[in-house]
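Trainee: what follows is a predicted structure for the sequence shown.
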Amino acid sequence: MALNSSDFLLPKSIDRLHSLFESIDANHSGAISINELEDACAKLSLLVTQEDLVNFTGTDKNNDQQLDFTEFQNFYVHQLKRVFTELDGDASGEIDVEELKTAFNRLGFQVTTQEVKALLNEVDKDKNGSVDFKEFCNFFCSLPSPDLRLIVQQWATGLAIDTGADFAPPPLPPSSLVLWKAIFAGGVAGIMSRTTTAPLEKLKLLAQTGSRVPLVSTLMSTWRKGGWSGLFAGNGANCLRVFPFAGLVCLTYANIAHKFPLDSGTLSLNMAGRMCVGGLAGLVATIVTHPMDVVRARLTVQDSSSKVYRGITHALADIAAKEKLRGLYKGVGPTLLAIVPFIAIQQSSYDVMKQYALGCNLQPSISLFLLCGSLAGVVAQTSVYPLDVVRRRMQVSGLSSPAAAGGRQTAWTVLRSLTARQLFSGLSATYMKIVPSAAVSVLVRDAILGRLKQN
């Protein structure tokens, strides 16, 4: 029985299909030949099978060996129906969690039942726990030449990547992940990634707070003066901040996420909702843990030959005694100002890059998501980097050094005092630490969650 596309496709889906149709219609004739279809699929490394040819002929109503837009819609629905039938193992007319999980596993994507439920929920408009053919059509109709592997690739989503930025919370926990596991995995992964890149972080902070010494020279000088303890100065305070920061983000996120249209089946709303909730969670966690960030900054940049602070406890007590609460919260304004745009830029950049990569028929993998996440981290950190420099200068303004003068300066006065070059000082060290930080974070997180053996 022939399928009529008008029975399944919504107006928005038809518009997306029309854009796809125009991209395949190379000679702009208003019709697609089998050669044009084959060429389009070849660019995506997809084969036009004999069954495709049969469907092509079956939907070519006037037998002119070309498909007009209406015929193309019907052809596309035929193709989606073939994929849907393959996924619908019990031929019930609906795809449930177990059927989708089986399809993922068959194509090499090992996922948990809870993760599959979260993915299925994006497509399940009526929220009955399964996906019928109409829901399936309208979600996947923008893919060129529907193919089971391409469908599953589109359905699969990589987790956001932790690139070691202090502005952003750790990767936001999906609703499918048990909360304590998200807190533990995110916290341990954050500690390990930041410990691995601590020397680069020290170089970045020194450059941000006034040092003009080349990075390599600074690294060697730090090693000669303080050895390993010099290279990793301030990392203990950073680790003490990371774990509660990750926990507070997850707890806050879990408690306010239900007030936003997350996992609603509408991807744009889902992304926007996660950005808003992630921003709020980051704000709460930053306010609570900011004093430890101030301590970390000062311990990191103080001269090892003339230490002002003997350790974390001494630094906290000394700042509180001499500079009161104001001292513990220096730089919190620029930090809070940057959190939401950082998350928005990083997550949207990541999603765009990931979808582009999958659209080019690249196989989804840890390395692909790591590359997309790292590039997104570069874009996001560059965008808000001047605020990072401002807050660091404010945080260390209590130290007795020329770079730290002006302890009561506001963010605006600090910003006005810096040149354009100074606003991006230390950016090269930031770029250098993004990839290793992200790689270690992903490796440790996935090892804790038992995902390494699944990839």
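Mentor: That came in fine, so what should we check first?
Trainee: surely residue 318 and residue 307 touch.
Mentor: No - using CB atoms under 8 Å, residue 318 makes no contact with residue 307, being 11.4 Å away. Glycine gets a C-beta too; all of them are placed from N, C-alpha and C.
Trainee: okay, those two: which has more neighbours?
Mentor: Comparing residue 318 with residue 307 by other CB atoms under 10 Å, the one with more neighbours is residue 318, at 17 against 14.
Trainee: which helix or strand contains that one?
Mentor: Using DSSP states H and E, residue 318 sits in helix 312-328.
Trainee: where's that helix relative to the chain centroid, distance-wise?
Mentor: Taking CA atoms, centre = their mean, to the nearest Å, one finds the center of helix 312-328 at 35 Å from the center of the full chain.
Trainee: now do the buried residues in it.
Mentor: 312, 315, 316, 318, 319, 323, 327, 328 (16 or more other CB atoms under 10 Å).
Trainee: my read: residue 289 touches residue 243, true?
Mentor: No - using CB under 8 Å, residue 289 is not in contact with residue 243; the gap is 9.6 Å.
Trainee: those two: who's more crowded?
Mentor: Applying other CB under 10 Å to residue 289 and residue 243 shows that residue 289 carries more neighbours, namely 21 against 17.
Trainee: show me where this structure has its strands.
Mentor: Assigned by DSSP state E, the chain shows strands spanning 32-33, 66-67, 94-95, 131-132.
Trainee: and the closest residue to residue 192 other than its chain neighbours, how far from residue 281?
Mentor: The shortest distance from residue 192 to any non-neighbouring residue, by CB to CB, 6 or more residues apart in numbering, is to residue 444 (4.7 Å). From residue 444 over to residue 281 the distance is 21 Å, taken as CB to CB, to the nearest Å.
Trainee: and for residue 238?
Mentor: Distance from residue 238 to residue 281, counting by CB to CB: 19 Å.
Trainee: residue 70 too?
Mentor: For residue 70 relative to residue 281 (CB to CB), the value is 48 Å.
Trainee: for the chain, which helix or strand comes out least confident on mean pLDDT?
Mentor: None of the helices or strands of the chain scores lower by mean pLDDT, DSSP states H and E than helix 148-155, at a mean of 58.
Trainee: from the contact counts, what lies against the lengthiest helix in the chain?
Mentor: Counting residues, the longest helix found in the chain (DSSP state H) is helix 267-301. The elements that helix 267-301 packs onto, with contact taken as 3 or more CB pairs under 8 Å, 6 or more residues apart in numbering; DSSP states H and E, are helix 198-208, helix 235-256, helix 312-328, helix 332-359, helix 366-395.
Trainee: what about the ones you listed, which gets the closest to residue 82?
Mentor: Among the helices and strands packed on helix 267-301, helix 332-359 comes nearest to residue 82, with 20.4 Å by CB to CB.
Trainee: and that closest one, what's buried?
Mentor: Neighbour count says helix 332-359 has 332-351, 353-354, 357-358 buried, by 16+ other CB under 10 Å.
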